[in-house]
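Student: Model the structure of this input:
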Amino acid sequence: MTFPSQVLKALALGVALAAAPAASFAQTKIKMVLNWKYEGPQAWFFMAQDKGYFKEEGLEVQFDQGEGSSASIPKVASGAYQAGFGDLNTLIDLAAKRPADAPVAVYMLYNTPPFTIVVKQDSPIKTPKDLEGKTVGGPANDGALKLFPAFAKYAKIDASKVSVTNMAPNLREQMLSRGQIDAAFGYVTTVSFSARGMGLDPAKDLRFIRYGDNGMDLYSNAVFFSRSFVKENPQAVQGFVKALNRAIKDVIADPAAATDHSLKREPLLKRELERDKLIATMRNDMSHPEVARIGLGDVDDARLKNAIDIVVEANQLPRTPQPAEVFDRSFLPARADRPSKLF
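Tutor: Numbering: from 1, shown residues only. Now for the predicted structure:
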């Protein structure tokens with residue numbers, strides 16, 4: 001019995017495909033820029049990579065260190081990266097100015113405003129108004145510095161009377177300690193642990209003027225993707241969020257073990273310090289009361305709308321983006337699969 005050559009070719013192709021290993025099929029590549037240098041509070045990203053959670057979703061993810069929570073947004077908007085982790089308020093600013101270019105957030109992590117101006121415990125600066133006539137320093141891409149015009153408005157500060165200076169991030173706490181600046185912009189957890197690394201006790205040696213205590217109940221860092229990538233690769237975005245959410249639950253269960261995944265990227269990190277920083281981040285920046293109601297990863301639309309209005313009004317932006325332009329919850333795992341509490 002003989003077979004036509006076309007049949008034989010089809011059979012041969014079928015056998016070859018069946019024998020080919022699954023790994024031979026290309027995975028979707030995602031380049032992601034982080035908010036900062038490798039550190040403990042990024043453990044969920046690294047754990048999802050190390051444990052193969054991204055791979056199970058058909059993804060090949062590459063992480064690059066960041067230069068500040070505000071710096072990651074333009075890097076994704078430019079097309080240099082498909083994804084990023086950074087400040088939602090900077091994303092709102094870009095969405096108001098260039099809506100077609102602005103990335104879209106898909107998973108909210110820092111749901112409690114971490115923005116602060118820090119002073120030494122013995123500083124004469126007791127209230128926001130006392131900043132007038134003083135010098136406040138911060139890295140150029142610091143989220144709190146970027147939001148200072150809005151903070152000044154809400155705290156009734158004459159911003160024209162405040163001198164703002166920039167420095168390398170690793171010099172911020174040193175310059176504050178030496179009196180080279182009167183106050184510093186930053187995130188509460190970041191500044192606290194940088195100061196701790198210098199041998200200071202943040203609770204005794206520093207005071208924090210928090211934006212959230214002065215009418216600015218803003219969201220902060222979220223995971224976001226470029227609009228073009230979301231449109232062209234919705235399954236990849238959903239897979240990324242699923243893998244990340246899975247890793248976050250692992251981190252909540254065992255923060256100490258999770259810290260090791262960060263140390264794999266930067267062995268010079270101090271394990272105990274990074275573990276404590278991770279725990280403090282979850283406690284201070286990710287435990288807004290709304291998590292019990294809507295779950296980690298999501299946002300409250302009314303609260304987000306108010307945050308957008310604050311940023312638009314304070315910075316006199318040309319338009320007011322709708323919440324749906326800024327945050328897309330359609331990629332989130334089911335409510336029952338996302339954490340309701342972190343502690």
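
Student: Can you name every helix or strand that the helix or strand where Arg303 lies contacts?
Tutor: Arg303 is part of helix 301-314 when elements are defined by DSSP states H and E. Judged by 3 or more C-beta pairs under 8 Å, 6 or more residues apart in numbering; DSSP states H and E, the packing partners of helix 301-314 are helix 88-97, helix 148-154, helix 323-326. (Each C-beta comes from the backbone N, C-alpha and C, glycine too.)

Student: can you list contacts of that helix?
Tutor: For helix 301-314, the surrounding residues in contact (C-beta atoms under 8 Å, 6 or more residues apart in numbering) are 88-89, 92-93, 96, 147, 149-151, 153-154, 216-219, 290, 317, 319-321, 323, 326-327.

Student: the helices in the stretch 51-200 of the chain, which residues?
Tutor: Secondary structure of the stretch 51-200 of the chain (DSSP state H, counting those that start in this stretch): helices located at 53-56, 72-77, 88-97, 143-146, 148-154, 172-178, 188-197.

Student: in the fifth one, what counts as buried?
Tutor: To tie it back to what came earlier, the one meant is helix 148-154. 148, 150-154 (16 or more other C-beta atoms under 10 Å).

Student: and the longest helix for this protein?
Tutor: Looking across the chain with DSSP state H, the single longest helix is helix 234-253.

Student: List the contacts of that helix.
Tutor: Taking C-beta under 8 Å, 6+ apart as the rule, helix 234-253 contacts 28, 30, 43-45, 47-48, 51, 53-54, 56-59, 61, 83, 106-107, 223, 225, 229-230, 258, 278, 282, 296-297, 331-333, 337-339, 342.

Student: go with 7 Å
Tutor: 28, 30, 43-44, 47-48, 51, 53-54, 57-59, 106-107, 223, 225, 230, 258, 296-297, 331-333, 337-339, 342 (C-beta atoms under 7 Å, 6 or more residues apart in numbering).

Student: cool, and stretch 281-289?
Tutor: Stretch 281-289 has contacts (C-beta under 7 Å, 6+ apart) with 41, 109-112, 114, 188-189, 220, 296, 342-343.

Student: If any of these are buried, give me the ChimeraX selection for them.
Tutor: Entered in ChimeraX, the line below selects the buried ones among the contacts of stretch 281-289, by 16+ other C-beta under 10 Å:
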select :41,109,110,111,112,114,188,189,220,296,342
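
Student: how near is Val119 to Gly179?
Tutor: When distance is defined by C-beta to C-beta, to the nearest Å, Val119 is 11 Å away from Gly179.

Student: More neighbours: which of those two?
Tutor: Neighbour totals were compared for Val119 and Gly179, and Val119 leads with 23 against 9 (other C-beta atoms under 10 Å).

Student: Next, the contact list for that one, please.
Tutor: Contacts of Val119 were listed using C-beta under 7 Å, 6+ apart, and they are 125, 182-183, 207.

Student: Great, nothing more from me.
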